[in-house]
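Visitor: Sharing a model that was predicted from the sequence below.
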Amino acid sequence: MEIEAAQSSNSTPNFKLFNRLNLHEFKDKYVITAVDSPYQGFSVDRFHGQIEPLNGDGVLGTPVKISTIYGVAGTIRLVSGAYILLITSYKELGAYLGFPIFRVQSMKFVACNKAVKRLTPQEKKDDAYHRNLLKVVEATPGLYYSYDTDVTLNFQRRFGLAKERMSKPIWKQADPRYVWNRYLLEELIESKLDLVYFP
């Protein structure tokens, strides 16, 4: 993984997330790539939700649809299978320590499962209930983030941290008490996809 140098006042390169991603929709998978680096990203199997890093392969084949997204907030597995939470629009609000801060304007859960047909009636009922909860998450206002810096630490705490910490992925810098999507990030963290998702 690369670290893009976003020079801070102390000249230590900061970790920077990709701020624009392409969602390539195929019949059998989704492929998410960075607009600025199309060989970096991952694919998700639409039948089982299996996540695979691209490993420099890029997008092979012709997708049914390509759309721009602005981040991946995580994944979740329900009875029927996996879902990916995508940031579909945002608004820049200001800056913190010279880095732009954004508010999520809209999010969308994308289903990566075909198991719904094999569920029992009770499982279908439970799954419908949980999918309604996902709609609540999609509509949650007031989620803030930055592609360039951790927004969970106050200035005093940040000042006391080692300079080397700022070059680590943003989820490693963050105070877990304020990471609303920590559980949703676990599968992406395990897949080592640090440049495409954020706390």
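Guide: Happy to help now that I have it.
Visitor: going forward, measure contacts and count neighbours with C-alpha atoms only.
Guide: Fine.
Visitor: how near is residue 109 to residue 103?
Guide: 18 Å (CA to CA, to the nearest Å).
Visitor: More neighbours: these two, which one.
Guide: Remark: of residue 109 and residue 103, residue 109 carries more neighbours, 21 against 17, as counted by other CA atoms under 10 Å.
Visitor: Quick check: bridge partners of the more buried one?
Guide: Residue 109 forms beta bridges with residue 85, as assigned by DSSP bridges.
Visitor: Can I get stretch 45-65 in PDB, CA atoms only?
Guide: What follows is stretch 45-65, C-alpha atoms only, in PDB (Å, rounded to 0.1, in the frame of the first residue of the first chain):
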ATOM      1  CA  ASP A  45     -18.400 -11.700  -4.800                       C
ATOM      2  CA  ARG A  46     -22.200 -11.000  -5.200                       C
ATOM      3  CA  PHE A  47     -23.200 -14.500  -4.200                       C
ATOM      4  CA  HIS A  48     -21.200 -15.000  -1.000                       C
ATOM      5  CA  GLY A  49     -19.700 -11.600  -0.100                       C
ATOM      6  CA  GLN A  50     -16.100 -12.800  -0.300                       C
ATOM      7  CA  ILE A  51     -13.700  -9.900  -0.400                       C
ATOM      8  CA  GLU A  52     -10.500 -10.100  -2.400                       C
ATOM      9  CA  PRO A  53      -7.900  -7.400  -2.800                       C
ATOM     10  CA  LEU A  54      -7.100  -6.600  -6.500                       C
ATOM     11  CA  ASN A  55      -3.300  -7.200  -6.000                       C
ATOM     12  CA  GLY A  56      -2.500  -5.000  -9.100                       C
ATOM     13  CA  ASP A  57      -4.800  -6.900 -11.400                       C
ATOM     14  CA  GLY A  58      -7.200  -4.000 -12.200                       C
ATOM     15  CA  VAL A  59     -10.700  -4.500 -13.500                       C
ATOM     16  CA  LEU A  60     -11.000  -7.400 -16.000                       C
ATOM     17  CA  GLY A  61     -14.100  -7.600 -18.200                       C
ATOM     18  CA  THR A  62     -16.900  -5.200 -19.000                       C
ATOM     19  CA  PRO A  63     -19.100  -4.100 -16.100                       C
ATOM     20  CA  VAL A  64     -22.800  -3.600 -16.400                       C
ATOM     21  CA  LYS A  65     -22.600  -0.200 -14.700                       C
END
